[in-house]
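**Q** structure for this input, please:
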Amino acid sequence: MKGPQVITVAMAEPDSYGNLKVTDTLGNEYKIGEKRSPLHPLFVQGRAIKLTWANFNKIDYVSDAELFDPTAGATPQPQQRPTPKPQETLLAKPAPQE
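**A** Here you go, the predicted model:
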C-alpha cells in the first residue's frame, strides 16, 4: 500500500461512470471512484491535495483526500505585541505645593 501523497491538480474531469479522472502537474493520472464523490469538489486546478491510499485485493486506490496546507503542524511563532506607551499625564510630576 502506498503512503500519503501530495499532488498539485493540473486537470480533473468526470468520466461516463461517475469517477473523477485527475491529472497532476507531473502528468500522473489518478481515478477518484464514484463511491468517493464527496471528495470530487476538492480537486480544483492548481490546488495542492493530500491523497490517502488504501488497498483492496492487492490494488491501491485513493481512499481519502484533503486540502494540503504546508504550514499545518508548524509551530506558530508568537507575535510580539508592541509595548504600550504610558500616557504622559499619568507620569507628570505633581505641581509643587508652597
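**Q** by mean pLDDT, flag the weakest helix or strand of the protein.
**A** helix 88-91 (a mean of 56; mean pLDDT, DSSP states H and E).
**Q** hmm, residue 37 is touching residue 17, no?
**A** No - Residue 37 is not in contact with residue 17 according to C-beta atoms under 8 Å; the separation is 11.3 Å. To be clear about C-beta, it is placed using only N, CA and C from the backbone, and glycine gets the same treatment.
**Q** who's more crowded, the two?
**A** residue 37 (13 against 8; other C-beta atoms under 10 Å).
**Q** isn't there a helix covering that one?
**A** Yes - counting by DSSP: H, G, I helix; E, B strand; the rest coil, residue 37 is part of a helix.
**Q** the nearest residue to it once chain neighbours are set aside: what secondary structure?
**A** With sequence-adjacent residues excluded and distances taken as C-beta to C-beta, 6 or more residues apart in numbering, residue 37 is closest to residue 18, at 6.7 Å. Under three-state DSSP, the three-state class of residue 18 is coil.
**Q** the strands in this protein, which residues?
**A** 5-14, 20-24, 29-32, 48-56, 59-67 (DSSP state E).
**Q** let me have these in CSV, extended by mean neighbour count.
**A** Listed next are the strands of the chain as CSV, based on neighbours: other C-beta atoms under 10 Å:
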stretch, mean neighbour count
strand 5-14, 15
strand 20-24, 19
strand 29-32, 16
strand 48-56, 15
strand 59-67, 14
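**Q** could I get those strands as a markdown table with mean pLDDT?
**A** Formatted as a markdown table, those follow (pLDDT from 0 to 100):
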| stretch | mean pLDDT |
| --- | --- |
| strand 5-14 | 96 |
| strand 20-24 | 97 |
| strand 29-32 | 96 |
| strand 48-56 | 95 |
| strand 59-67 | 94 |
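**Q** turn those strands into a markdown table, columns for distance to residue 41.
**A** Shown next, in a markdown table, are those (distance: least, C-beta to C-beta, whole Å):
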| stretch | distance to residue 41 |
| --- | --- |
| strand 5-14 | 10 |
| strand 20-24 | 10 |
| strand 29-32 | 11 |
| strand 48-56 | 11 |
| strand 59-67 | 10 |
